[in-house]
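Participant: would you be able to build a 3D model of this:
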Amino acid sequence: MNTLLASTTTVAQDFALDKDTVTPGVLGFLAIFAIGVCLYFLMRSLIGKLRGVSARAELQEAEEAAGRDDRVETSGVEAAAGETASTGDSSTNA
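Facilitator: Next comes the predicted model:
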């Protein structure tokens, strides 16, 4: 491992690059462009999935609220029926 590091350092010192001619070139541009296109489609997919989750959560909340309203109305009707029955029973017994 140490010999590989030493030989790499030696080869790097012998190899000189002209900083004016070294550019990413067309291949570098295409790579960055491809990453950008992938990112665009990934973000569109993410936004679509988040909208779906949000819509399902709102639907579930609406169903739960409707269920609670039904239970409250049913409880109120049952309580009223219970009071009527209890007053009817007491008048019958008296």
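Participant: ramachandran angles for Ser54?
Facilitator: phi -60, psi -40 (degrees, to the nearest 10).
Participant: so how far is Met43 from it?
Facilitator: Note on Ser54: its distance to Met43, by Cβ to Cβ, to the nearest Å, is 16 Å. Just so you know, the C-beta spots here come from the backbone N, C-alpha and C atoms, and that holds for glycine as well.
Participant: next one: Arg71
Facilitator: 42 Å.
Participant: all helices for the chain, in order.
Facilitator: 2-14, 25-93 (DSSP state H).
Participant: rounded mean pLDDT for the longest one, please.
Facilitator: Along helix 25-93, the predicted local confidence has a mean pLDDT of 81.
Participant: now swap in the first one and tell me
Facilitator: In this model, helix 2-14 carries a mean pLDDT of 66.
Participant: Tyr40: neighbour count?
Facilitator: Residue crowding around Tyr40 was assessed by other Cβ atoms under 10 Å; the count is 10.
Participant: what about Ala34, how many residues nearby?
Facilitator: Quick note: Ala34 (other Cβ under 10 Å) scores 10 neighbours.
Participant: what's the distance between it and Phe41?
Facilitator: 11 Å.
Participant: also Leu27?
Facilitator: From Leu27 to Phe41 the distance is 22 Å (Cβ to Cβ).
Participant: just Glu61 next, same as before
Facilitator: For Glu61, the distance to Phe41 - Cβ to Cβ - is 31 Å.
Participant: again with Val53
Facilitator: 19 Å.
Participant: what are the phi and psi values for Thr21?
Facilitator: According to degrees, to the nearest 10, Thr21 has phi -100, psi -10.
Participant: pLDDT value on it, please?
Facilitator: So Thr21 comes in at 72 (pLDDT).
Participant: near it, how many other residues are there?
Facilitator: Neighbour count for Thr21, taken as other Cβ under 10 Å: 6.
Participant: please report the distance of Ala62 from Ala55.
Facilitator: Taken as Cβ to Cβ, the span from Ala62 to Ala55 is 11 Å.
Participant: show me the contacts for Asp70.
Facilitator: Asp70 makes contact with no residue, according to Cβ atoms under 8 Å, 6 or more residues apart in numbering.
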